[in-house]
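Asker: I'd like to go over a predicted model; first the sequence, then the structure.
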Amino acid sequence: MQFSMQVIKTKKVLTEKLNKLGSSLNSGLVPTMGALHQGHASLIRKAVEENDKVVVSIFVNPTQFNNLEDLNKYPKTLDADLHLISEISEDIIVFTPEVSEIYPKTVVPKIYDFEGLDKVMEGEFRDDHFNGVGTIVEELLIVVHPTRAYFGEKDFQQLRIIQKLTEIRQIPVEIIGCEIVREDHGLAMSSRNERLSKETRLKAAFIYETLKAAKIKFGTDNALSIKEWVVNEFKRTNDFELEYFDITDVETLTPIIEKTNNLKYRAFIAVYVENVRLIDNIALN
Ligand code: PAF
């Protein structure tokens, strides 16, 4: 396939290109690992609407995977990704570095202190995952130096950690969280959905249905009893294995038992279906 879009592989060429465009223009960065779907498309569209120039990075970041099998299985669909991007705008700059460009010496993450945000939920089950995410996002923010960077709320914990990263590293950028995009029946869009059979993909709507029911219960019940209810709901199905369900406040991501007035809460869930790990979350108030 031929595209007139700029596809750049090195930091040097990217920096030259961005400098040529001029520093007075607003710029938006959309970091991705490829295998793009409509969730990514919504981030890219928003970035195009809000900025004069947009960089989409496609890089399967090895340091955020905690097992080699998951890394090797990660779908690589560059042609389709470029097609999706070019349909949004041919002016987008696509950055697709090799691993050696990002990790010239050793493929290890930097270690950050995210003040506990990385220790719960995804962090509890995925060692070093958020150090890996922090390492690549910091690198991209330094190279692209965007006015705004866009992340999906499906990975809400990641979004909070990236906000923390820019605070502790004092990186001047506006981090924009974008609403979850869902398939027709409610399953949150994810590159991993492609690995599910058609039948299970439909059944996985159960995850969002459970989150919506938890949201209704949040009006009257305490967090602990909602958690118990969710655990029991999952015990009753043979198709899904619940890894965690937690209700946390959105600032600290600390799981709660009772709610306090004036704080914002979200419910978070991770589930295995056909050996595929799916996550989702919902705003409760
Ligand atoms: O959300 C993702 O796809 C990745 O974690 C990110 C932010 C692109 C970093 O590799």
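Answerer: Noted; the coordinates are in hand.
Asker: Run through the residues that contact residue 222.
Answerer: Neighbouring residues of residue 222 by CB atoms under 8 Å, 6 or more residues apart in numbering: 257-259. (Glycine included, C-beta is placed from N, CA and C.)
Asker: which non-adjacent residue is nearest residue 278?
Answerer: Leaving out its chain neighbours, the residue that sits closest to residue 278 by CB to CB, 6 or more residues apart in numbering is residue 271, at 5.3 Å.
Asker: Quick check: neighbours of whichever strand or helix holds the one you found in the sheet, parallel or antiparallel?
Answerer: Using DSSP states H and E, the element containing residue 271 is strand 265-273. According to DSSP bridges, strand 265-273 forms sheet pairs with strand 240-249 (antiparallel), strand 276-283 (antiparallel).
Asker: Show me what from the stretch 101-250 of the chain comes close to the ligand.
Answerer: Neighbours of the ligand within the stretch 101-250 of the chain, by CB under 6 Å from any ligand atom: 133, 136-137, 155, 158.
Asker: Out of those residues, list just those in strands.
Answerer: Counting by DSSP state E, no part of those is found in strands.
Asker: which one among those residues gets closest to residue 108?
Answerer: residue 136 (12.2 Å; CB to CB).
Asker: check contacts around the closest one.
Answerer: Residues near residue 136 by CB under 8 Å, 6+ apart: 31, 59, 61, 63-64, 102.
Asker: Max pairwise distance over those: which two?
Answerer: Of all pairs in those, the most separated under CB to CB is 31 and 63 at 13.9 Å.
Asker: can you tell me which two in the residues of the stretch 101-250 of the chain next to the ligand are farthest apart?
Answerer: Farthest pair in these, by CB to CB: 136 and 155, 13.5 Å.
Asker: host element of residue 118?
Answerer: Applying DSSP H and E, one finds residue 118 in no helix or strand.
Asker: Look up the closest residue to whichever residue of the stretch 151-285 of the chain sits closest to the ligand, ignoring the ones flanking it.
Answerer: Evaluated by CB to the nearest ligand atom, the stretch 151-285 of the chain has residue 155 as its residue closest to the ligand, separated by 5.2 Å. Nearest non-adjacent residue to residue 155, counting by CB to CB, 6+ apart: residue 279, 7.4 Å away.
Asker: wait, what's in contact with the one you found?
Answerer: Residues near residue 279 by CB under 8 Å, 6+ apart: 122, 154-155, 188, 190, 268-271.
Asker: ok so, going back, which one of the contacts of residue 136 is nearest to residue 43?
Answerer: Nearest to residue 43 among these is residue 31, at 9.4 Å by CB to CB.
Asker: My reading is that that closest one lies in a helix. Confirm?
Answerer: No - counting by DSSP: H, G, I helix; E, B strand; the rest coil, residue 31 is not found in a helix; it is strand.
Asker: before we move on, the earlier item: in contact with the residue nearest to residue 278, which residues are there?
Answerer: Contact analysis of residue 271 by CB under 8 Å, 6+ apart lists 204, 207, 234, 240-243, 277-280.
Asker: do the same with residue 5
Answerer: For residue 5, the contacting residues are 82, 85-86, 90-94, by CB under 8 Å, 6+ apart.
Asker: Top of those by number of neighbours, please.
Answerer: Within these, neighbour counts (other CB atoms under 10 Å) peak at residue 85, which reaches 26 neighbours.
Asker: Dump the contacts of residue 136 to JSON lines, plus secondary structure, pLDDT and neighbour count.
Answerer: Shown next, in JSON lines, are the contacts of residue 136 (DSSP: H, G, I helix; E, B strand; the rest coil; pLDDT from 0 to 100; neighbours: other CB atoms under 10 Å):
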{"residue": "31", "secondary structure": "strand", "pLDDT": "99", "neighbour count": "24"}
{"residue": "59", "secondary structure": "coil", "pLDDT": "98", "neighbour count": "19"}
{"residue": "61", "secondary structure": "coil", "pLDDT": "98", "neighbour count": "23"}
{"residue": "63", "secondary structure": "helix", "pLDDT": "97", "neighbour count": "22"}
{"residue": "64", "secondary structure": "helix", "pLDDT": "96", "neighbour count": "22"}
{"residue": "102", "secondary structure": "helix", "pLDDT": "98", "neighbour count": "19"}
